[in-house]
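**Student:** Generate a structure from the sequence data that follows.
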Amino acid sequence: GEHRLQKDLIIPKGYVLRITAGANIYLENTAAIISYGPVRALGEEETPIFIQSEDGTGQGLQVLQAPVGSILRGVIFRNLRNLSKGNWQLTGAVTFYESAVEMIGCRFLDNQSEDALNIVRSTFEMTHCLIQNTSSDGFDADFCKGIIKESVFRETGNDGVDFSGSIITLEDVEMQQCGDKGVSAGEASDITLMNAQISDCNIGLASKDQSTLYLRRGLLRNCSQGMVVFQKKPEFGPAYLLVEQLTVENVDRLYQIGPGSRLQIDEKLYFE
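**Tutor:** Predicted coordinates:
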């Protein structure tokens, strides 16, 4: 049924939040769902779960240090903001902090937050998901291990996906109309991309600060810069970017390399 929350819903440790197919949850008056236990939100294709905000003040779903993994299937998050309660602020409209999660067929739409989805110090799997029309980053993963499959990141104000200190594999993904980078790897991340299409982004691929980014079978189309590889933070070292079987269409500048960093395209190595 329909549920309207005008105050925070807090799930303490020891409990599981279960949301069944067809539920429509409206977050109003800066309300948020904050769970210290796992979430089981199991929507169906014809009866998805909606977590949304009509007045644009809803502060999303925040799962913090849940002892076991959560499952989100067929959940649509729409028109949400990040958590902001006094001195406590998070960056994601949806956040999993030290909380494992599996997401299947979820959509993150029209969210006004630094990250539509932020996962921190967690393991995750993400399949058949869509992140679209968010004011800054689409998906930000910090110190995570995860797999992303058959997902799309579209119309992000900043990066499509942004990884820091993470080990991530992406397969069959698309980044479209990203205001900054389609894929950003930073802070000693190890990122593997298989079958990726990146189009209409300012920068297609970025590997920085001791990260390794590997792309096999990719398309870069209509980007101002195709690939950048560099060191940004002094506490880290140079970065590495390796691409194989790359197709390039209408890219103004194919690559830019900072001192000490390396770019390899098939068998050819480039460095500053």
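
**Student:** show me what contacts the residue nearest to residue 246 when sequence neighbours are not counted?
**Tutor:** Distance criterion CB to CB, 6 or more residues apart in numbering; nearest residue to residue 246, sequence neighbours excluded, is residue 218 at 5.2 Å. The way it works is simple: take the backbone N, C-alpha and C, and place the C-beta from them, glycine included. Contacts of residue 218 were listed using CB atoms under 8 Å, 6 or more residues apart in numbering, and they are 193, 195-198, 243, 245-247.

**Student:** Kindly report the same for residue 197.
**Tutor:** With contact set as CB under 8 Å, 6+ apart, residue 197 has these partners: 173-176, 218-219, 221.

**Student:** So which of these sit within strands?
**Tutor:** Applying DSSP state E to these, the entries found in strands are 173-176, 218-219, 221.

**Student:** Just among the residues you listed, which is most surrounded?
**Tutor:** residue 175 (30 neighbours; other CB atoms under 10 Å).

**Student:** what's the spacing between it and residue 193?
**Tutor:** Distance check for residue 175 against residue 193: by CB to CB, to the nearest Å, it reads 10 Å.

**Student:** what touches both of those two?
**Tutor:** Here residue 175 and residue 193 share the contacting residues residue 183, scored by CB under 8 Å, 6+ apart.

**Student:** between the contacts of residue 218, which is closest to residue 97?
**Tutor:** Distance from residue 97 was checked for each of the contacts of residue 218 by CB to CB. The minimum falls on residue 193, at 25.6 Å.

**Student:** I figured the closest one hits residue 170, correct?
**Tutor:** Yes. With the criterion set as CB atoms under 8 Å, residue 193 and residue 170 qualify as a contacting pair; they are 4.9 Å apart.

**Student:** So for the two, which sits in the more crowded spot?
**Tutor:** Shown here are residue 193 and residue 170; by other CB under 10 Å, residue 193 has more neighbours (26 against 23).

**Student:** What pairs with the helix or strand hosting that one, parallel or antiparallel?
**Tutor:** Under the assignment given by DSSP states H and E, the secondary-structure element containing residue 193 is strand 190-199. Each strand that strand 190-199 pairs with, and the sense of that pairing, follows from DSSP bridges: strand 167-178 (parallel), strand 212-230 (parallel).

**Student:** so what's the closest residue to residue 50 other than its chain neighbours bridging to?
**Tutor:** By the measure of CB to CB, 6+ apart, the closest residue to residue 50 outside its immediate chain neighbours is residue 24, 4.5 Å from it. Counting by DSSP bridges, residue 24 is bridged to residue 2, residue 50.

**Student:** Could you check how far residue 24 is from residue 62?
**Tutor:** According to CB to CB, residue 24 stands 20 Å off from residue 62.

**Student:** More neighbours: the two, which one.
**Tutor:** Counted by other CB under 10 Å, residue 24 and residue 62 do not tie: residue 62 has more neighbours, with 23 against 14.

**Student:** wait, doesn't residue 213 sit right on residue 207?
**Tutor:** Yes. The pair residue 213 and residue 207 qualifies as a contact (CB under 8 Å) at a distance of 3.8 Å.

**Student:** okay, and the common contacts of those two?
**Tutor:** Residues touching both residue 213 and residue 207 by CB under 8 Å, 6+ apart: 185, 191, 229, 239-241.

**Student:** hmm, which two among these are most spread apart?
**Tutor:** 191 and 229 (12.3 Å).

**Student:** Which of those two has more residues huddled nearby?
**Tutor:** Between residue 191 and residue 229, counting by other CB under 10 Å, residue 229 is the more crowded of the two (29 against 24).

**Student:** does that one really touch residue 264, like I thought?
**Tutor:** No. Residue 229 is not in contact with residue 264 according to CB under 8 Å; the separation is 9.7 Å.

**Student:** Can you check which residues contact both of the two?
**Tutor:** Counting by CB under 8 Å, 6+ apart, the residues touching both residue 229 and residue 264 are 240-241.

**Student:** The residue most central in space within the chain and residue 31, how far apart?
**Tutor:** Central residue of the chain (CA atoms, centre = their mean): residue 139, 1.4 Å from the mean position. Between residue 139 and residue 31 the distance is 24 Å, computed by CB to CB.
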